[in-house]
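J.: build me a model from this:
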Amino acid sequence: MIRIYTQKEQGEEWLQRYRGCLPVFACVLGFTETGLIPGISAAGRTPEDRKYTACADAEFLYYGPEHKAQYPLPPLAAGASPVLISRAVFESLKIPVHLFNAGLPQPPAAPVIDLGGTPAKCLSGGAAMEITTVHHLFEQGLLWGERLATNIQQGYLIIGECVVGGTTTALAILTGLGVDAAGKVNSSHPVCNHAQKWALVQSGLGEMGGDGGDGGDEGDGGDGEVSSPSSPSSSSSPPVNPLKLVAAVGDPMQVVVAGMAIAASRSCGVMLAGGTQMLAVYALMSAIAQAYALSWQPEAVVVGTTRWVAEDPTGATVDLALNLGKGSLTESGRTPPLLATNLSFADSRYPQLRAYEQGFVKEGIGAGAACIAAHLSQDWQQHELLAAIEAQLERLRDFQ
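T.: Sure, this is the predicted structure:
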């Protein structure tokens, strides 16, 4: 039920270590105005719908299908929200869920820990967030990572996210860190909109220009081409400061999860729940740890996702994971184990779930990691997962 795509030995050791253990789930919610661009994301049919996707997912994750939602799950062009998958597992296994608001336009109608962040502006302008906000969110991430890990004796921490448009900010962060990511990221569309994402990223990194350096009088760090894959940051220009990069082209979730995972890795296992977005967070963790001489345990950290992401024919997730070790600002040779659940919806009774097999939706809000956790702790197989997920969908349909 679990496939390891990269760093097989390290991945096997991690799985063996946490077999039979129940995780704690932290979900970091954020927002970027990038997600409002027409066509950028399929996580909500219209830009207006996408404003509330994170609130809707948080509310459903916390309360389940029988709750009269203030923010109902948004209509999708096809498919059903991946929160159905996460909720099915966490409810059945009684896994504790902690929701964090890293920066949303409005607070969700569920108990959340507010981290005092702000939504990000569109990354194309190269000025997504204030640097003071980024520093604050990173500190909050470190603090909460340590707090959550303190209460985990034998288990591990799963850190998930919900940021509409987040694969585009992920592409920007990866590219800014010198990782060859163009054409390799995923999306919620059946065919990834690479050209649209890349144009936004080039614009944002161009606007940022050399301001990603860490100050000093070493020139401006390039002419806006500093981060295209064909010309990763060269050794002659000052290295990009990873927190300034987030301020320029990132989103509020990324830096929170990076801080959380760095701190938690010192004392427990960590599964970054997602595909492209969590590979970007992993690269960010490496770069931040290096830039600020922070200790962390890379061998404690894995990335967990769905088969639909890992094997997305219109992305290149495995190549992307392997490229992390080649980035100019990520530790040399450092590639995380990429794990995925083999969950299939091919035999589902519901067309909304079968849509995943056509490439719609794919992942989100910790769905892949939830399935990995169900297999690890309770040895759930395909039929148990499918039954639990379909039951959520039935209950939601009956309640509406």
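J.: SS state for Leu29?
T.: Following DSSP: H, G, I helix; E, B strand; the rest coil, Leu29 is assigned to strand.
J.: how many other residues sit next to it?
T.: The tally of other residues near Leu29 (other C-beta atoms under 10 Å) stands at 30. (Each C-beta comes from the backbone N, C-alpha and C, glycine too.)
J.: ok, it - contacts?
T.: For Leu29, the contact set (C-beta atoms under 8 Å, 6 or more residues apart in numbering) comprises 54-55, 57-58, 99-102, 104, 108, 112, 161-163, 253.
J.: do the same with Ile389
T.: Ile389 makes contacts with Leu84, Ile85, Ala88, Leu353, as judged by C-beta under 8 Å, 6+ apart.
J.: output whichever strand or helix holds it as PDB, nothing but the C-alphas.
T.: Element membership for Ile389, per DSSP states H and E: helix 382-399. Taking Å, rounded to 0.1, in the frame of the first residue of the first chain, the C-alpha atoms of helix 382-399 are listed here in PDB:
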ATOM      1  CA  GLN A 382      -7.200  -0.600  -0.400                       C
ATOM      2  CA  HIS A 383     -10.700  -1.900   0.500                       C
ATOM      3  CA  GLU A 384     -10.700  -0.400   4.000                       C
ATOM      4  CA  LEU A 385      -9.600   3.000   2.700                       C
ATOM      5  CA  LEU A 386     -12.100   3.000  -0.100                       C
ATOM      6  CA  ALA A 387     -15.000   2.000   2.200                       C
ATOM      7  CA  ALA A 388     -14.100   4.700   4.700                       C
ATOM      8  CA  ILE A 389     -13.800   7.400   2.100                       C
ATOM      9  CA  GLU A 390     -17.000   6.500   0.300                       C
ATOM     10  CA  ALA A 391     -18.800   6.500   3.600                       C
ATOM     11  CA  GLN A 392     -17.700  10.100   4.100                       C
ATOM     12  CA  LEU A 393     -19.000  11.000   0.700                       C
ATOM     13  CA  GLU A 394     -22.300   9.200   1.300                       C
ATOM     14  CA  ARG A 395     -22.800  11.000   4.700                       C
ATOM     15  CA  LEU A 396     -22.100  14.400   3.100                       C
ATOM     16  CA  ARG A 397     -24.600  13.700   0.300                       C
ATOM     17  CA  ASP A 398     -27.200  12.500   2.700                       C
ATOM     18  CA  PHE A 399     -26.800  15.600   4.900                       C
END
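J.: pull out the buried positions in stretch 86-98.
T.: Ser86, Arg87, Ala88, Val89, Phe90, Glu91, Ser92, Leu93, Ile95, Val97, His98 (16 or more other C-beta atoms under 10 Å).
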